[in-house]
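Student: What follows is a predicted protein model with its sequence.
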Amino acid sequence: MRVILGPMEGVLDHLMREILTNINDYDLCVTEFVRVIDQLLPDHVFTRICPEINTGSKTKSGTPVRTQLLGQEPNWMAENAFRAVNLGSDGIDLNFGCPAKMVNKSKGGAALLQHPELIYQVVKACRDAIDPTVPVTAKIRLGWEDPNDCFEIVDAITQAGANEITVHARTKSGGYKASEIKWEYLAKLKQKARIPLIANGEIWNYADGQRCIEMSGIDSLMVCRGAFNVPNLGNVVKHNHQPMPWHDVVDLLLQYS
């Protein structure tokens, strides 16, 4: 089983990544997004969001870190993907899942789920721009409103040459409501997908992880919000550890401060 620490904008900065990867056996973590609009960003933008670029693209405990880009203009996304990799990023993760209104209003994140052809162009441009041995991955939701859109979206990303796709098993309109989780769609996707998938959404404990694996047939999981509810969630999900006791959580809070 792989367990990945997912990106959370405004929360999972490099200090938090350092703390959480130090106490968990995560296989990978993904940065907050670098917002790409209409220019090639300077080096310091990438090193601010992902200072691990300067240390072999790994946290102090050795967990690989992948730079995440969010944008909708294929050429500028490709230019910035090349720069991030040239600086030393472990790979490029493309955000097509962020449901934030501000991001969607400017046609970023989950807004692109309505335009599979544009997703294809963005992924392909990034894939073509960087060394073929460097992974290009994407994170999506099942669709904007209709979860059946996921099949066309995954096909577009696959045809564009991505190496792996993380699927948050809700639509954009489903937000973060527990009742909207649709792990059963992941099983359908896995039957048709030609590249590896990572399952994401509503994984709060070991039982959730096992149920998601059983329902989806996918043994790579991404945890996000739950990692702040239970700081050692990675090991809870991966190794069935007991949740961290409160006095240890307090020590982590002091360390972070």
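Tutor: Okay, I see it.
Student: Tell me where this structure has helices.
Tutor: 14-23, 43-49, 74-87, 101-105, 116-129, 150-159, 183-192, 206-216, 226-229, 233-239, 246-256 (DSSP state H).
Student: closest one to residue 173 among the ones you listed?
Tutor: Among the helices of the chain, helix 101-105 comes nearest to residue 173, with 11.1 Å by C-beta to C-beta. (Glycine included, C-beta is placed from N, CA and C.)
Student: So residue 37 is in contact with residue 71, correct?
Tutor: Yes - using C-beta atoms under 8 Å as the test, residue 37 is close enough to residue 71 to be in contact (6.5 Å).
Student: neighbour count winner among those two?
Tutor: Higher neighbour count among residue 37 and residue 71: residue 71, with 24 against 13, using other C-beta atoms under 10 Å.
Student: out of everything not next to it in sequence, what's closest to the more buried one?
Tutor: In this structure, residue 71 finds its nearest non-sequential neighbour in residue 36, 3.3 Å apart by C-beta to C-beta, 6 or more residues apart in numbering.
Student: Could I get the contacting residues of that neighbour?
Tutor: 69, 70, 71, 73, 76, 77, 80 (C-beta atoms under 8 Å, 6 or more residues apart in numbering).
Student: gap between it and residue 218?
Tutor: Here residue 36 is placed at a distance of 29 Å from residue 218 (C-beta to C-beta, to the nearest Å).
Student: re earlier: deepest-packed of the helices of the chain, please.
Tutor: helix 233-239 (a mean of 23; mean count of other C-beta atoms under 10 Å).
Student: Which residues are in contact with residue 242?
Tutor: If a contact means C-beta under 8 Å, 6+ apart, then residue 242 has residue 236 as its contacts.
Student: again, but for residue 195
Tutor: Taking C-beta under 8 Å, 6+ apart as the test, what residue 195 contacts is 158, 162, 163, 164, 165.
Student: what's the neighbour count on the fourth one?
Tutor: Neighbouring residues of residue 164 were enumerated by other C-beta under 10 Å; the total is 20.
Student: from now on call the first residue 830
Tutor: Okay, residue one is now 830; in that scheme the one you just asked about reads as residue 993.
Student: State the distance from it to residue 1079.
Tutor: Relative to residue 1079, and taking C-beta to C-beta, residue 993 is found at 36 Å.
Student: same check, this time on the second one
Tutor: Taking C-beta to C-beta as the criterion, residue 991 is separated from residue 1079 by 41 Å.
Student: now do the third one
Tutor: In this structure, residue 992 and residue 1079 are separated by 40 Å, where distance is defined by C-beta to C-beta.
Student: wait, doesn't residue 870 sit right on residue 863?
Tutor: Yes - between residue 870 and residue 863 there is a contact under C-beta under 8 Å: 6.7 Å.
Student: Find residues that contact each of those two.
Tutor: Looking at what touches both residue 870 and residue 863 (by C-beta under 8 Å, 6+ apart), the common residues are residue 909.
Student: what residues are up against residue 862?
Tutor: Shown in contact with residue 862 (C-beta under 8 Å, 6+ apart): 836, 838, 878, 897, 898, 899, 924, 927.
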